[in-house]
Structure formats: C-alpha cells, structure tokens
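K.L.:
Structure for this input, please:
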Amino acid sequence: MKNTLSIVLICFAFSYAKSQEVTVAQIKKDVYALADDKMQGRATGEKGCAMAANYISMRFKQIGLLPKGDNNSYLKAYEFKAPTNPHAGVDSTSKTKHSNNVVGYIDNKAENTIVIGAHYDHLGLGYDGNSLDANPQGKIHNGADDNASGVAGVLAMANYYQKNTVTEKYNYLFICFSGEELGLFGSKKFCDNPSIDLTKVDFMMNMDMIGRLDSINRLLVYGVGTSPELYKAVNTVKSDFKFKLDSSGIGPSDHTSFYLKDVPVLHFFTGQHSDYHKPSDDADKVNYDGEKKIIDYLIAVVNDLDKQPKVKFTTTRNASNENSPKFKVTLGIMPDYAFDGPGVRADGVTDGRPASKAGMQKGDVIVQLGEYEVKDMQSYMVALTKFKKGDSSTVEVLRGKDRLKLPVTF
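P.N.:
Got it, this is the predicted structure:
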C-alpha cells in the first residue's frame with residue numbers, strides 16, 4: 001500500500017510540475033489564437049479586439065486568476081477618442097470609442113505587488129495610419145510578434161505563478177492592454193484609474209515583441225536605470241543572451257505609462273524585423289523555442305526580485321523629451337536597435353520612401369547623412385533635423401566592405 005501511495009504522489013508531483021512549466025505548445029497555441037484572421041488584426045475599439053479580450057479573459061479564468069476589472073470581471077473598460085482621419089489627430093469630429101484592458105490577480109496577502117503586462121491590440125485592417133505596408137488598407141495585420149507574443153508571455157507567467165507551490169512575497173497583477181498602437185491609450189487609462197495602489201507596486205515588467213529571438217540570442221532590455229536592483233537582477237540571473245541594455249524608463253510601449261507614475265520598469269524586446277507593422281507579421285514566423293527561453297529567463301529575474309525588499313525608483317535620462325531632436329522628415333527605414341554601431345543599421349527599408357528610392361537595402365549601415373556624420377541613433381536623429389521636406393542630399397552607407405554614396409530626396 002505504501003509503495004502504491006508513493007507512486008501516486010510521485011505521479012501527482014510530476015503532473016503538478018508540468019502544469020506550471022512554460023511550454024512551447026501553449027505559447028504557440030496562444031499566439032496562433034490571437035493572430036488568427038478571425039481577430040481581424042485586433043484594432044482597438046473594433047470587434048476583433050473585443051474577441052481577443054474575451055480570449056484572454058477565458059485564459060485568465062482557466063489559469064485561476066482573480067478578476068481585477070469591472071464588476072468582478074477581468075475587463076476594465078475605458079473610452080478614447082478615435083480620429084476620423086488617422087493623420088489629422090483628435091479633433092471635434094473624432095468619435096468616442098470603447099475598449100478594455102484585461103486584468104487578473106494573484107493575492108498572496110502581501111503589502112506590495114509585481115505587475116506583468118503586454119499589449120494585445122494591433123493595426124486591424126490597416127486603416128489607422130501606422131502600417132508600413134505600401135498599400136495597407138483592407139489587409140489583416142495579424143500582429144503575431146507585435147504583440148501576440150507578449151500576451152502569450154503574460155499568460156505563461158500567470159500560469160507559472162498561479163500553479164507555483166511556493167507562496168511569493170509579492171502579489172502579482174497580470175494585465176493585457178489595448179490601445180498601445182494608438183498611443184499607449186490603455187496603459188495610460190489604467191494608470192490614471194488603477195485596480196491597485198500604484199505606490200505599492202514593486203516594479204512593472206513589460207513584454208512587447210519577444211517572438212523573434214535571433215541566432216545570436218539578442219535581447220533588448222529597457223528600464224534598467226529605473227532602479228539599481230533591476231539592473232543587478234538582469235545581469236545576475238544566468239543566461240546566454242546577448243543583451244543590449246538601455247537605462248531609460250521612457251519608450252514606445254506601455255511600461256512608459258508606469259514609469260511616469262514613478263514605478264520602476266523593465267521592458268523586453270527582441271528587435272524589429274522586415275514584417276514589423278505589416279500584414280506579414282504572422283504566427284508561423286515566431287521563434288517559439290526562443291520565446292520560451294526568454295520567458296524562462298524572465299521568471300528567473302522575477303523570482304530573484306521576489307526575494308528582495310521593494311525596489312527603489314530612480315529617475316532616468318530621457319525622462320523628458322525636451323532635449324529630443326525634433327525632425328520633420330524621415331528616410332523610411334526600420335533601425336536595428338540592437339546594432340552596436342558605429343552608424344545606424346537598416347533592419348528594413350519601406351517601399352516608396354526616400355531610403356528605398358535612393359537604393360538603400362536591408363542591412364545597409366548609415367554612416368553619413370549629407371555633411372553630418374552618423375555614429376548612433378542620437379546623431380542620426382540630429383542629422384534628420386537639418387532637413388525639410390523636398391530637400392535633396394546624400395546618404396552614405398556601408399554595404400559589406402563597400403561604402404556607397406546614394407542621392408536622396410526627402
């Protein structure tokens with residue numbers, strides 16, 4: 001009888017351990033579900049976005065999270081103004097639309113909470129002016145990497161911490177935002193009307209585009225300067241990632257909304273690619289083994305920080321955009337933010353834009369724009385401020401061993 005009981009207990013322990021394990025199969029299932037054509041690209045305020053919110057709510061319930069939205073649900077509603085013309089901005093003709101953040105909670109009866117989030121919206125059918133496709137309107141932008149991959153990460157981490165046999169020292173809030181692509185609408189609305197006291201948040205971890213880990217394991221981490229403890233944890237946890245670290249708490253994703261409320265933040269990103277903001281960002285292109293590797297690492301980072309006292313918030317550079325270069329023209333490239341330079345590497349070149357017309361190719365490294373040397377992203381943006389629409393100049397690029405001087409008109 002004792003042997004039989006031992007076998008049962010061993011099988012139960014194995015089954016329980018498997019239930020909290022991060023699996024490629026579940027990541028893939030969630031990404032494919034959210035990036036399915038039936039979601040119509042998950043445009044904020046549209047039917048497909050509501051379908052995605054319902055899917056995430058269903059998964060939160062399956063996992064066993066407590067609802068932390070409105071009326072004992074996972075959905076936390078907000079209103080926003082949608083411009084009639086995506087290029088004109090919000091004005092008196094703008095329509096009021098409705099959307100939801102999706103919020104679940106693990107209550108460990110702790111004083112403070114760790115927030116783990118990602119945005120679930122994308123570009124819909126290409127009518128919002130954010131697509132990089134030459135003729136985007138009417139095409140489904142599935143946004144598998146941007147950002148079904150991040151949502152799958154939130155769901156995987158929620159399952160891990162809900163099923164974990166250890167009681168953590170912090171509570172955990174899992175949140176999936178809409179409205180990110182329109183200007184961080186959902187995270188701003190949440191931070192203005194949060195489900196928890198933001199002064200009791202230890203830190204916020206954001207995942208935005210973690211589905212394209214490349215062959216050299218490049219992982220970009222933003223926000224490491226928002227607390228000394230965050231910087232230490234990212235570097236202490238063992239991994240073979242090739243990190244590019246950025247101290248700033250300000251960036252084009254939802255962690256910014258929390259940073260502006262004096263919450264320490266970490267943002268993880270595997271970099272842009274040629275499918276970014278195009279209809280071709282589909283589920284079959286996600287590196288699922290790579291995403292699992294990232295999620296396992298993020299869990300290790302959170303576990304390290306869970307053992308420590310509440311981290312201290314630090315204001316970082318770029319807390320204000322006052323000193324950021326203001327430019328009126330662009331080349332139409334997608335910079336490789338993981339490139340170490342010197343120069344700015346084009347990770348993609350948009351058809352019909354100045355760089356494309358000049359003959360630039362993916363992989364070219366910009367080292368000179370007119371008379372201005374380009375050493376990094378900052379000097380590139382400064383150089384762009386020297387030109388206005390209609391100006392003609394040259395762009396000098398490194399293509400392999402060759403340095404090419406190409407004519408460009410903005």
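K.L.:
give me the low-pLDDT residue ranges for the stretch 301-410 of the chain?
P.N.:
For the stretch 301-410 of the chain, residues meeting the criterion pLDDT under 70 lie at 318-327, 337-338.
K.L.:
can you list the domain ranges for the protein.
P.N.:
Listed by automatic domain parsing, the domain ranges of the chain are 22-306, 333-409.
K.L.:
gap between I250 and S257?
P.N.:
10 Å (Cβ to Cβ, to the nearest Å). C-betas here are computed from N, CA, C, even on glycine.
K.L.:
looking at the chain, which helix or strand is least sure?
P.N.:
Among the helices and strands of the chain, helix 2-20 carries the lowest confidence by mean pLDDT, DSSP states H and E, at a mean of 48.
K.L.:
next SSE after that one?
P.N.:
With elements assigned by DSSP states H and E, the helix or strand that comes after helix 2-20 is helix 24-34.
K.L.:
Need the residues that contact that following helix.
P.N.:
With Cβ atoms under 8 Å, 6 or more residues apart in numbering as the test, helix 24-34 has contacts from 42, 52, 55, 59, 120, 143-144, 148-149, 151-153, 155-156, 159, 211, 283, 286, 288-289, 291-292, 295.
K.L.:
What distance do you get for F269 to C176?
P.N.:
Distance of F269 to C176, given as Cβ to Cβ: 17 Å.
K.L.:
Which one of these two is surrounded by more residues?
P.N.:
Ranked by neighbour count (other Cβ atoms under 10 Å), F269 and C176 place C176 first, with 33 against 24.
K.L.:
was I right about that one contacting V151?
P.N.:
Yes: C176 lies in contact with V151 (Cβ atoms under 8 Å); the separation is 5.4 Å.
K.L.:
returning to what we had before: would you mind telling me which of I250 and S257 has the busier surroundings?
P.N.:
S257 (24 against 20).
K.L.:
Looks like V382 contacts G370 (just checking).
P.N.:
No: V382 lies out of contact with G370 (Cβ under 8 Å); the separation is 11.7 Å.
K.L.:
Let me see the ranges of the strands in the stretch 301-410 of the chain.
P.N.:
Listed in chain order, the strands of the stretch 301-410 of the chain (DSSP state E, counting those that start in this stretch) span residues 333-335, 344-349, 365-369, 372-373, 392-399, 402-409.
K.L.:
can you redo these as CSV with distance to K310 and mean neighbour count?
P.N.:
Shown next, in CSV, are those (distance: least, Cβ to Cβ, whole Å; neighbours: other Cβ atoms under 10 Å):
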stretch, distance to K310, mean neighbour count
strand 333-335, 36, 21
strand 344-349, 38, 22
strand 365-369, 43, 20
strand 372-373, 44, 14
strand 392-399, 47, 18
strand 402-409, 51, 13
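K.L.:
quick one: contacts for M51?
P.N.:
Residues near M51 by Cβ under 8 Å, 6+ apart: K38, M39, R42.
K.L.:
State the helix or strand in which it lies.
P.N.:
Going by DSSP H and E, M51 is part of helix 47-63.
K.L.:
Partner strands of the helix or strand following that helix, with direction?
P.N.:
Remark: after helix 47-63, the chain's next helix or strand is strand 66-67, criterion DSSP H and E. Within its sheet, strand 66-67 is paired with strand 95-106 (antiparallel), according to DSSP bridges.
K.L.:
List only buried entries from the contacts of helix 24-34.
P.N.:
Neighbour counting by 16 or more other Cβ atoms under 10 Å classes 42, 52, 55, 59, 120, 143-144, 148-149, 151-153, 155-156, 159, 211, 283, 286, 288, 291-292, 295 among the contacts of helix 24-34 as buried.
K.L.:
List the residues that contact the closest residue to T113 other than its chain neighbours.
P.N.:
In space, T113 comes closest to N171 once its chain neighbours are excluded; the distance is 4.1 Å by Cβ to Cβ, 6 or more residues apart in numbering. Counting by Cβ under 8 Å, 6+ apart, N171 touches Y105, I106, D107, N108, K109, A110, N112, T113, I114, I196.
K.L.:
I'd like the distance between N171 and V115.
P.N.:
Separation of N171 from V115 (Cβ to Cβ): 10 Å.
K.L.:
for N130, same thing?
P.N.:
To V115, N130 is 26 Å away according to Cβ to Cβ.
K.L.:
Next, the angle from the helix holding M51 to strand 95-106.
P.N.:
10 degrees (axes from the mean of the first three to the mean of the last three Cα atoms, to 10 degrees).
K.L.:
Send me helix 47-63 as CSV with only the CA atoms.
P.N.:
C-alpha atoms of helix 47-63 as CSV (Å, rounded to 0.1, in the frame of the first residue of the first chain):
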residue,chain,number,x,y,z
LYS,A,47,-14.9,43.6,-32.9
GLY,A,48,-11.6,41.7,-33.3
CYS,A,49,-10.1,43.5,-30.3
ALA,A,50,-13.1,42.6,-28.2
MET,A,51,-12.8,39.0,-29.3
ALA,A,52,-9.1,39.0,-28.2
ALA,A,53,-10.0,40.5,-24.8
ASN,A,54,-12.6,37.7,-24.3
TYR,A,55,-10.0,35.1,-25.3
ILE,A,56,-7.5,36.5,-22.7
SER,A,57,-10.3,36.6,-20.1
MET,A,58,-11.1,33.0,-20.8
ARG,A,59,-7.4,32.0,-20.4
PHE,A,60,-7.1,34.0,-17.1
LYS,A,61,-10.1,32.1,-15.8
GLN,A,62,-8.6,28.8,-16.9
ILE,A,63,-5.4,29.6,-15.1
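K.L.:
Narrow the contacts of N171 to those that are buried.
P.N.:
Using 16+ other Cβ under 10 Å, the buried ones in the contacts of N171 are Y105, I106, N108, A110, N112, T113, I114.
K.L.:
Filter those residues down to the ones in helices?
P.N.:
Judged by DSSP state H, helices contain none of the buried ones among the contacts of N171.
K.L.:
Can you show me the helices along the stretch 301-410 of the chain?
P.N.:
354-358, 377-384 (DSSP state H, counting those that start in this stretch).
K.L.:
Out of these, which one sits most buried?
P.N.:
Most buried of the helices of the stretch 301-410 of the chain, by mean neighbour count (mean count of other Cβ atoms under 10 Å): helix 354-358, with a mean of 20.
K.L.:
And it, what does it pack against?
P.N.:
If you count contacts as 3 or more Cβ pairs under 8 Å, 6 or more residues apart in numbering; DSSP states H and E, helix 354-358 packs onto strand 344-349, strand 402-409.
K.L.:
Stretch 119-135 - what's its average pLDDT?
P.N.:
Confidence for stretch 119-135, expressed as mean pLDDT, is 93.
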